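>>> Got a sequence here, can you build the structure:
(one chain, ligands or ions: 1)
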Amino acid sequence: MKITIVTVGKLKEKYLKQGIQEYVKRLGPYASIDMAEVADEKAPENLSEADMKEVKNKEGERILAKINPDSYVITLEIEGKQLTSEKLAKKLDDLATYGKSKVTFVIGGSLGLSDEVLKRSDMGLSFSKMTFPHQLMRLVLVEQIYRAFKINRGEPYHK
Ligand SMILES: C[S@@+](CC[C@H](N)C(=O)[O-])C[C@H]1O[C@@H](n2cnc3c(N)ncnc32)[C@H](O)[C@@H]1O
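Sure, this is the predicted structure:
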């Protein structure tokens with residue numbers, strides 16, 4: 001399976017970079033993982049609704065440009081569907097079984113995702129009703145993808 005994770009903005013924190021690199025390395029035997037970063041827009045406090053929409057639209061265009069037309073798209077959304085790790089594992093297994101070998105996960109920028117990106121999405125995935133920083137979300141997501149492959153292979157992994 002070829003997995004792409006599209007994210008907005010440059011990852012700055014060293015501890016997050018190291019954590020992500022570790023899980024990408026561990027995923028090596030199971031899947032090809034491509035981390036695709038797109039540029040963010042400046043989003044100062046006190047932006048009007050219209051300005052916020054504009055920021056999301058510009059970031060959204062860059063996100064859409066990274067999505068392969070054949071790819072199954074899973075957008076990370078606070079209001080999306082909440083799954084157990086086992087259910088996410090089954091989802092990825094089902095996608096592979098039914099010939100969807102390209103899967104793209106999308107994490108929004110600081111203001112979230114544009115309507116156009118949400119329209120392109122095949123599934124909205126929520127990690128809880130809490131708001132996580134988008135940069136931390138990358139690490140949490142890549143760990144859950146790794147966990148999913150371990151579950152699907154029936155391989156031991158700490159609980
Ligand atoms: C700082 S959050 C954006 C917050 C924005 N107010 C919104 O409602 O989308 C940045 C991105 O991280 C991801 N994210 C943050 N918390 C999440 C959660 N609990 N479940 C799924 N994705 C989450 C989403 O992709 C979101 O677009």
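
>>> So which residues of the chain form helices?
Ranges of helices within the chain are 14-27, 49-65, 85-97, 115-120, 134-153, based on DSSP state H.

>>> I'd like to know which of these is closest to the ligand.
helix 134-153 (3.7 Å; C-beta to the nearest ligand atom). Every C-beta, even on glycine, is put in place using the N, C-alpha and C of the backbone.

>>> from the middle of its chain, how far away would the closest one be?
10 Å (C-alpha atoms, centre = their mean, to the nearest Å).

>>> swap in stretch 8-23?
Taking C-alpha atoms, centre = their mean, the mean C-alpha location of stretch 8-23 is offset from the chain mean by 14 Å.

>>> Report the buried residues of that stretch.
Val8, Gly9, Leu16, Gly19, Ile20, Tyr23 (16 or more other C-beta atoms under 10 Å).

>>> Against Ile33, how distant is the nearest residue in space to the second one that is not next to it in sequence?
With sequence-adjacent residues excluded and distances taken as C-beta to C-beta, 6 or more residues apart in numbering, Gly9 is closest to Asp40, at 3.7 Å. Here the distance between Asp40 and Ile33 works out to 21 Å (C-beta to C-beta, to the nearest Å).

>>> of those two, who's got more company?
Ile33 (21 against 18; other C-beta atoms under 10 Å).

>>> Am I right that that one is in contact with Ile3?
Yes - the pair Ile33 / Ile3 is scored as a contact, 5.1 Å apart, by C-beta atoms under 8 Å.
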